[in-house]
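Engineer: Generate coordinates for the sequence data below:
(2 chains)
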Amino acid sequence: MIYHEAGQFKTSYKQDMAMLPIVQDRWSVVALVTFAVAGLPILLAFGTDAFTSNYLYSAILIPFLILSLASIGLNILVGYCGQISLGTGAFMAIGAYAAYNVAVRLPQVPSILAILCGGIAAAGAGIAFGLPSLRIKGLYLAVTTLAAQFFFDWLFLRVSWFTNGSASGSVTAPAVEILGIKLESGTGKYLFVLAVVVLFSLGLKNLTRGALGRQWMAIRDMDIAAEIIGIRPVYAKLTAFAVSSFTIGVAGALWAFVHLGSWEPLAFSIDRSFNILFMIIVGGLGSILGSFLGTAFIMILPIVLTRVPAALGVPLSTSTISHLEVAVFGILIIFFLIAEPLGLARLWLLAKEKLRIWPFPY
Amino acid sequence: MMTVIPEPAPGEQAFLGRQVAREAETILDIENISVAFGGVRALTDVSFDIRRGEIRAIIGPNGAGKTTMLNCVNGFYHPAKGSITFKGRKRAQMRPHEAARDGIARTFQNVALFRGMTTLENIMTGRALKMRANFWQQLVRAGKAEREEIENRYLVEEIIDFLQIEHIRKTQVGVLPYGLQKRVELGRALAMEPDLLLLDEPMAGMNLEEKGDMCRFILEANRHFRTTVALIEHDIGVVMDLSDRIVVLESGRKIADGTPDAIKSDDRVIAAYLGSH
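Structural biologist: Modelled structure (predicted):
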């Protein structure tokens, strides 16, 4: 009843090809973004004490947004273009360290520009490590990106130039400044990250539903057929690597500058790569929405696993919980790969289809 | 089947705004092509030509080298010997996407669609070469990017209309029945507005009704879109009815070339198909 599109007539192809052709979807997204931008900060400012709101910002909201951005980035490459990558952590690290070096060595450069430089450096590395994809596919390509992961882990740990000579390898990013205002409060950091994520989501959604996105998907689905209709595999694959790595690099720089503040190379280890790959598998390959859903799911799951047994009066030790977490993750990944390879995004779509004809499914 | 198709009046404007093809101009000229895979000689000194506007069939028993021939024409294989001249230009070695740029489209024996995309997206992808908006315009989907999407959508809708697949416009092609998938694949090839359309067994595995439909689409594409067609097909009835000229291959060699009537009574063709006595 609520989600009916009856009576919404499209009279032009422009309307038919809109990002959200159904009115209810448009309003939901507007409402969600408004809530995220204004409602939530106001609620947290007046509704809770400073400790809780700070916890929500720094432990949940900000990491959720940044990891969503990384997931979207990886989804461009894996979900849309079909090139498997296990090097997400490395590309995040490149973004973080490039931004750090720009910020430390050229203090007059504004923070936003430094973060963008992180993205550009990661895009460059992405293109370089994407070159093998022109020759090899699937598992072999995954191994190449794995090599990138180990190489950059080593590079940032051993070559002290990147960490500005820090003895322990741990570095501290200068405070992020936007238009002369230092970002210190949770609210400020949250809003900044939110703005970046919304802009990236819009831009990448536009790319994926346009000509370039179709080229990526064509390469993913059938590269031979893509070539005979005139798509250059070199161009399609390398743009996917570049766009994906750029996004992941920016996410890495944000992770370092806004979320962590100070970090060491271990923050971007292979665990991070797998973590984000799980997010897009659970969320939905080839879906921007799925990237958000998957990130939320993977982030909330440990919290639920910690809180629920305690709330039910079944006290579990911390080690049991962390073991349980690994086991549940494993089961979920297998479940999604078998039962719903298109992930939560697909379930969401099915739910919407059901809702369209509810309550009279005939 | 339907052999009587009225010729369009001279100068008649074609469906997509093309001029009526000039008859008898050679569009593709194949001279002494030889291809070998290791010791297996897939093609040996094969020569034939395709004229603009005609439907040219390539027939022959299994393993005769028909698909190999198409693969040479559209750049998958590089013949060891011989030359291919397309639209008056002799081709050096060429990648498939360059052949596409030159105006050669193709469908495959086993459907090669983009399974994760909808019918509409598949056919829109066929317009890839016509889309010229740069990265930044696409990123904000403004200006040229938005304009191109809409303009090309009109053309794609025209093809969808023509192939009568409006009802599956927004269905993922992976779930479509085989006959419809073949139709979508033809649509994607037509969306390229090719000068030469290579069809590799477009009717394989179809029932009689679907075959009839497909014949109609090929004839109409040839007539309305002014597309020159090179066709591989095993159904001899279809081949005889559709094609203007037929080339017959056997074991990598050309054994006959001519009009359907001439082929029908050619002794070597009869021997190749039925065995000699």
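Engineer: Just the element for residue A:313, please.
Structural biologist: For residue A:313, there is no host helix or strand (DSSP states H and E).
Engineer: burial measure for it, as a count.
Structural biologist: A count of nearby residues for residue A:313, using other C-beta atoms under 10 Å in any protein chain shown, gives 6. Placement of C-beta: from N, CA and C, glycine included.
Engineer: what separates it from residue A:304, distance-wise?
Structural biologist: From residue A:313 across to residue A:304, the span is 16 Å (C-beta to C-beta, to the nearest Å).
Engineer: Might one say that residue A:246 is in contact with residue A:76?
Structural biologist: No: here residue A:246 does not reach residue A:76: they are 9.5 Å apart, not a contact under C-beta atoms under 8 Å.
Engineer: more crowded one of those two?
Structural biologist: Shown here are residue A:246 and residue A:76; by other C-beta under 10 Å, residue A:76 has more neighbours (30 against 25).
Engineer: Phi and psi next, for the more buried one.
Structural biologist: Backbone dihedrals for residue A:76, given as degrees, to the nearest 10, come out at phi -60, psi -50.
Engineer: And it, how far from residue A:236?
Structural biologist: Plainly put, residue A:76 is 12 Å away from residue A:236 if you go by C-beta to C-beta.
Engineer: For these two, list the residues in contact with both.
Structural biologist: residue A:216 (C-beta atoms under 8 Å, 6 or more residues apart in numbering or on different chains).
Engineer: and the helix or strand where residue B:33 lies, what does it pack onto?
Structural biologist: Secondary structure assignment for residue B:33, by DSSP H and E: strand B:26-37. Judged by 3 or more C-beta pairs under 8 Å, 6 or more residues apart in numbering or on different chains; DSSP states H and E, strand B:26-37 is in contact with strand B:40-51, helix B:66-73, strand B:81-86, strand B:228-232.
Engineer: tell me the mean pLDDT for that strand?
Structural biologist: The predicted model assigns strand B:26-37 a mean pLDDT of 91.
Engineer: could you dump it to CSV, C-alpha only?
Structural biologist: Output in CSV follows, covering the C-alpha atoms of strand B:26-37 (Å, rounded to 0.1, in the frame of the first residue of the first chain):
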residue,chain,number,x,y,z
THR,B,26,32.5,-5.3,-52.6
ILE,B,27,32.6,-4.6,-48.9
LEU,B,28,34.8,-7.5,-47.8
ASP,B,29,37.4,-9.2,-49.9
ILE,B,30,39.1,-12.3,-48.6
GLU,B,31,42.1,-13.5,-50.5
ASN,B,32,43.9,-16.8,-50.0
ILE,B,33,43.4,-17.0,-46.2
SER,B,34,45.2,-19.8,-44.5
VAL,B,35,45.0,-20.6,-40.8
ALA,B,36,46.7,-23.5,-39.0
PHE,B,37,46.5,-24.5,-35.4
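Engineer: Could you figure out how far it is turned away from strand B:228-232?
Structural biologist: 30 degrees (axes from the mean of the first three to the mean of the last three C-alpha atoms, to 10 degrees).
Engineer: mind listing what the closest residue to chain A within the stretch 151-277 of chain B touches?
Structural biologist: Across the stretch 151-277 of chain B, no residue is closer to chain A than residue B:153, which sits at 4.3 Å (C-beta to the nearest C-beta). Counting by C-beta under 8 Å, 6+ apart, residue B:153 makes contact with A:13, A:16, A:17, B:124.
Engineer: Residues of the stretch 101-250 of chain A that sit close to chain B?
Structural biologist: Residues of the stretch 101-250 of chain A lying close to chain B by C-beta under 8 Å from any C-beta of the partner chain are A:203, A:206-207, A:209-212, A:214-215, A:217-218, A:220-222, A:224-233, A:239.
Engineer: and residue A:188, that one's in a strand?
Structural biologist: No: per DSSP: H, G, I helix; E, B strand; the rest coil, residue A:188 lies outside any strand segment and is helix.
Engineer: Give me the neighbour count for it.
Structural biologist: For residue A:188, using other C-beta under 10 Å, the count is 17.
Engineer: And residue A:138, by the same measure?
Structural biologist: Neighbour count for residue A:138, taken as other C-beta under 10 Å: 10.
Engineer: my guess is it meets residue A:85, correct?
Structural biologist: No: in this structure residue A:138 lies outside contact range of residue A:85 using C-beta under 8 Å: 11.7 Å.
Engineer: residue ranges of the strands in chain B, please?
Structural biologist: Assigned by DSSP state E, the strands in chain B fall at B:26-37, B:40-51, B:55-59, B:81-86, B:89-90, B:104-107, B:196-200, B:228-232, B:245-250, B:253-258.
Engineer: Looking at those strands, which is nearest to residue A:7?
Structural biologist: Minimum separation from residue A:7 across the strands of chain B (C-beta to C-beta) falls at strand B:104-107, 40.1 Å.
Engineer: So for the closest one, mean pLDDT?
Structural biologist: 94.
Engineer: contact partners of that strand?
Structural biologist: A:228-229, B:70, B:73-75, B:86, B:126, B:182, B:185-186, B:189-190, B:192, B:194-200, B:202.
Engineer: Equivalent analysis for stretch A:311-321, please.
Structural biologist: Contacts of stretch A:311-321 (C-beta under 8 Å, 6+ apart): A:302, A:305, A:306, A:309, A:310, A:324.
Engineer: redo that, cut-off 6 Å
Structural biologist: For stretch A:311-321, contacts defined as C-beta atoms under 6 Å, 6 or more residues apart in numbering or on different chains pick out A:305, A:306, A:309.
Engineer: how many other residues sit next to residue B:209?
Structural biologist: Close neighbours of residue B:209, defined as other C-beta under 10 Å, add up to 9.
Engineer: Can you read off the pLDDT for it?
Structural biologist: pLDDT recorded at residue B:209 is 91.
Engineer: One more: the one 3 residues further on?
Structural biologist: You'll see residue B:212 listed with a pLDDT of 92.
Engineer: same check, this time on residue B:5
Structural biologist: Residue B:5 is assigned 46 on the pLDDT scale.
Engineer: With residue B:21 instead?
Structural biologist: Residue B:21 is assigned 43 on the pLDDT scale.
Engineer: Touching both of residue A:246 and residue A:76, which residues are there?
Structural biologist: Going by C-beta under 6 Å, 6+ apart, no residue sits against residue A:246 while also sitting against residue A:76.
Engineer: out of the helices and strands packed on strand B:26-37, nearest to residue B:112?
Structural biologist: helix B:66-73 (12.7 Å).
Engineer: what helices or strands is that closest one leaning on?
Structural biologist: Packing contacts for helix B:66-73, counted by 3 or more C-beta pairs under 6 Å, 6 or more residues apart in numbering or on different chains; DSSP states H and E, involve strand B:196-200.
Engineer: Kindly recompute the last result at 8 Å.
Structural biologist: The helices and strands touching helix B:66-73, judged by 3+ C-beta pairs under 8 Å, 6+ apart, are strand B:26-37, strand B:40-51, strand B:55-59, strand B:81-86, strand B:196-200, strand B:228-232.
Engineer: Not counting that helix itself, show me its contacts.
Structural biologist: B:28, B:30, B:33, B:35, B:42-43, B:46, B:58-60, B:77-79, B:84, B:86, B:99, B:104, B:106, B:109, B:196, B:198, B:200, B:230, B:232, B:249, B:252.
Engineer: how much does that helix deviate in direction from strand B:81-86?
Structural biologist: Relative orientation of helix B:66-73 and strand B:81-86, computed by the same axes, to 10 degrees: 70 degrees.
Engineer: what angle sits between helix B:66-73 and strand B:196-200?
Structural biologist: 150 degrees.
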